[in-house]
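Undergrad: below are the sequence and a predicted model; questions follow.
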Amino acid sequence: MNNFRLRYNPLQNANTDIDLALQTPILTTWDLNGVNESIDVFENEIVQKAVNPIDNFETIRYSHARWAPQIINVDPKTSTHYDFYFYSATTDSSITATTTNTAWVTDYRANGFTSRQIYYNEDVFSKSYFKLDFYDSKKSTSQQNLLTIIIPTQQGLTTSAVIGQNTVQIRKPEYQLNFTGDKEGYFVYWLKSPEFFNPEINTLYMSAKFYDASIGGFKRMMNSPQGTIDNKFNFSQETYFYYTLNLNYDDYTYEVFLGNELNPLTKVGTDYNPIKWYEYVNPWTQNNII
């Protein structure tokens with residue numbers, strides 16, 4: 001604001017009849033242009049504060065993106081492949097410096113289930129399942145669990161086993177999930193519009209656990225066997241406990257990748273390169289219950 005000082009000398013102006021006029025450089029006209037627009041903006045702001053904003057929570061199912069060219073009269077390759085490996089050491093439940101990758105196999109019997117329990121789908125087996133959790137970050141101290149997928153043991157490929165004198169087919173933890181056949185756990189149900197999150201979320205980080213009904217606890221899974229790690233119990237969890245899932249909001253598909261700060265992202269989940277999970281053997285707790 002400008003300051004003005006006015007001086008008036010009554011003696012100097014006593015003998016004159018001239019009226020004095022004071023001119024002030026202060027604008028006294030009103031400009032009403034844009035006032036109505038400002039009122040509308042103010043009204044909208046008040047309404048937004050008084051009424052809850054409208055958020056789009058509509059979800060839609062995302063399927064696996066095609067990973068092989070379309071061939072006439074042949075189903076497109078859109079399946080998602082999972083292989084789950086259990087630690088099969090029989091003499092020692094802990095990992096040692098000499099433990100090799102062959103100690104992990106895709107066989108429920110390595111987890112302690114019998115062929116009879118698997119074949120007859122007994123409760124200890126049928127109530128077990130794989131649990132996939134999807135997070136917004138790999139940092140366990142700040143991540144949020146955004147969705148969960150369950151893959152039951154009643155699905156999956158089969159292998160031969162002998163019960164008594166009969167050779168039968170029992171389930172094994174290898175899955176080829178698709179639109180038909182084994183499809184539970186195939187779809188990712190996620191938001192149709194990315195506008196709910198700011199910034200929008202295009203990438204989820206997937207971890208896996210196996211719920212073992214025979215012990216009533218979860219067993220954590222890794223994306224690599226501990227036999228490949230030099231320090232088998234002191235390693236980066238962000239590197240070995242997650243896969244990366246990318247969402248495509250245009251065609252509602254997803255793709256899964258394996259990678260870390262040392263290796264580039266590699267596409268997985270296909271026939272020739274499945275998503276592989278390996279049981280993590282915890283050295284401090286018996287039966288690896290978490």
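TA: Arrived safely, thanks for sending.

Undergrad: measure stretch 186-201 end to end?
TA: Using C-alpha to C-alpha, to the nearest Å, the end-to-end distance of stretch 186-201 comes out at 20 Å.

Undergrad: residues making contact with that stretch?
TA: Residues outside stretch 186-201 that contact it (C-beta atoms under 8 Å, 6 or more residues apart in numbering): 55-64, 79-80, 134, 136, 146-147, 149, 177-179, 202, 245, 247, 249, 252, 254. Any C-beta I mention is one placed from the backbone N, CA and C, and that applies to glycine too.

Undergrad: those residues, buried ones only, as a PyMOL selection?
TA: Command for PyMOL that selects the buried part of the contacts of stretch 186-201, burial taken from 16 or more other C-beta atoms under 10 Å:
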select buried, resi 62+63+64+79+80+134+149+177+178+245+247+249+252+254
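
Undergrad: just the ones of the contacts of stretch 186-201 in strands?
TA: Applying DSSP state E to those, the entries found in strands are 59-64, 80, 134, 146-147, 149, 177, 245, 247, 254.

Undergrad: from D133, how far out is T78?
TA: Distance, T78 to D133, by C-beta to C-beta, to the nearest Å: 23 Å.

Undergrad: what are the ranges of the helices in the stretch 151-290 of the chain?
TA: Using DSSP state H, counting those that start in this stretch, the helices of the stretch 151-290 of the chain run over residues 237-240.

Undergrad: quick one on the thing from earlier: which of the ones in strands among the contacts of stretch 186-201 sit farthest apart?
TA: Longest distance between any two of the ones in strands among the contacts of stretch 186-201 is 20.0 Å, between L146 and L177; criterion C-beta to C-beta.

Undergrad: next one: Y189 from F257, what distance?
TA: With distances taken as C-beta to C-beta, Y189 is found 20 Å from F257.

Undergrad: then F86?
TA: The spacing between F86 and F257, counted by C-beta to C-beta, is 24 Å.

Undergrad: which parts of stretch 181-190 are buried?
TA: For stretch 181-190, by 16+ other C-beta under 10 Å, it's D182, G185, Y186, F187, V188, W190.

Undergrad: with adjacent residues omitted, what lies nearest to P274?
TA: Using C-beta to C-beta, 6 or more residues apart in numbering and skipping residues adjacent in sequence, the residue nearest P274 is H81, 3.9 Å away.

Undergrad: do the same with S115
TA: The shortest distance from S115 to any residue that is not its chain neighbour, by C-beta to C-beta, 6+ apart, is 4.1 Å, and that residue is A161.

Undergrad: K131 too?
TA: Residue nearest to K131 in three dimensions, not counting chain neighbours: K209, with 4.8 Å by C-beta to C-beta, 6+ apart.

Undergrad: that neighbour touches G217, doesn't it?
TA: No - between K209 and G217 there is no contact under C-beta atoms under 8 Å: 9.5 Å.

Undergrad: looking at those two, which has the bigger crowd around it?
TA: K209 (19 against 15; other C-beta atoms under 10 Å).
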